[in-house]
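A.B. asks: Test case, fold it:
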Amino acid sequence: MVKDMRPSRIVLGAIASLALSLSMAGCAGHTPEGPLRSTQFPEPELTLIWHGTGSAYRHEGEDWARTPSHDYEFTVVQRRYADRWESTKTMHRRHPDYDGSAGPREQALHFTLDYASERGATASFDVRSSLGAGHGSIDRELRRATMELAAEVSPRAPFDHYRIDQVYAYEAGQLSETVQLLDEGRPWVKVEESARLFAEHHFEAAPGVSGSSS
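C.D. replies: Residues are numbered from 1 along each chain as shown. Below you'll find the predicted structure:
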């Protein structure tokens, strides 16, 4: 079947969380919002919260063209365990021209990264997520990660998988991430994400009061 390559507004909405990616009934127990649970997540070894923005682009010719109506704010709660990471991402599209083609303005996604038992200079992991299943790798210090996910979407969709590249700059409290939607290796759309790190700490007094911790 020949894929419909027209850059329609409906198809354009498939950026990162994307309405097309919400047809995830067969994704290893994950709903679009995440795995169903009757209890809370176990206490993780480390919880990190990232908050930032995503800037959307569509590939046109040899260049990337901005599509600001599909930009979003996001927050990720990342629970890290010895053998896996559990990350829940909420997204908020606030642009007044957003046309609803990627679903509701408010969306949630979940990613489970299952790590191999043996780790060398890099660690490999399997991914189960609201976007699809796949695999990836990350370096020993958990700073640079890459993952590929097969997109469970209609054959008419102009993409068939996702590539996600992440850079964790812990010392600067920054996360940089590029999400690409690819069709047989060819770029179609991408989102450039940038987030700040919010890690747990305690205050000595109410925030803003002299003597409280910063």
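A.B. asks: going forward, measure contacts between C-alpha atoms and count neighbours the same way
C.D. replies: Fine.
A.B. asks: For stretch 124-132, what does the pLDDT average out to?
C.D. replies: Per-region confidence: stretch 124-132 scores 94 on mean pLDDT.
A.B. asks: Helices of the chain, residue ranges please.
C.D. replies: Secondary structure of the chain (DSSP state H): helices located at 9-12.
A.B. asks: Quick check: mean pLDDT of stretch 98-113?
C.D. replies: Mean predicted lDDT for stretch 98-113 stands at 87.
A.B. asks: got the CA positions of that stretch in CSV?
C.D. replies: Extracted C-alpha coordinates of stretch 98-113, given in CSV (Å, rounded to 0.1, in the frame of the first residue of the first chain):
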residue,chain,number,x,y,z
TYR,A,98,-3.7,24.3,17.9
ASP,A,99,-6.3,22.5,15.8
GLY,A,100,-6.8,19.4,18.0
SER,A,101,-5.4,17.0,15.4
ALA,A,102,-3.1,15.4,17.9
GLY,A,103,-5.9,14.8,20.3
PRO,A,104,-6.7,16.7,23.5
ARG,A,105,-4.5,19.6,24.5
GLU,A,106,-3.7,17.8,27.7
GLN,A,107,-2.1,14.3,27.2
ALA,A,108,-0.1,11.8,29.2
LEU,A,109,2.4,9.1,28.0
HIS,A,110,4.4,6.5,29.9
PHE,A,111,7.7,4.8,29.2
THR,A,112,9.1,1.7,30.9
LEU,A,113,12.9,1.0,30.2
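A.B. asks: what stretches of the chain score poorly on pLDDT?
C.D. replies: The model of the chain has pLDDT under 70 over residues 1-34, 102, 209-214.
A.B. asks: how about stretch 48-57: buried residues?
C.D. replies: Residues of stretch 48-57 classed as buried by neighbour count (16 or more other CA atoms under 10 Å): 49-57.
A.B. asks: actually stretch 72-90, not the one I typed
C.D. replies: 72-81, 84-90.
A.B. asks: Likewise for stretch 152-159?
C.D. replies: 152-153, 157-159.
A.B. asks: What segments of this protein are strands?
C.D. replies: 30-31, 34-35, 46-60, 63-66, 72-80, 84-92, 106-115, 122-129, 132-139, 144-151, 161-169, 174-183, 186-199 (DSSP state E).
A.B. asks: Dump the ones you listed into a markdown table; add distance to Gly208 as well.
C.D. replies: As requested, the strands of the chain are exported to a markdown table (distance: least, CA to CA, whole Å):
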| stretch | distance to Gly208 |
| --- | --- |
| strand 30-31 | 41 |
| strand 34-35 | 36 |
| strand 46-60 | 21 |
| strand 63-66 | 39 |
| strand 72-80 | 24 |
| strand 84-92 | 28 |
| strand 106-115 | 31 |
| strand 122-129 | 39 |
| strand 132-139 | 38 |
| strand 144-151 | 35 |
| strand 161-169 | 27 |
| strand 174-183 | 24 |
| strand 186-199 | 17 |
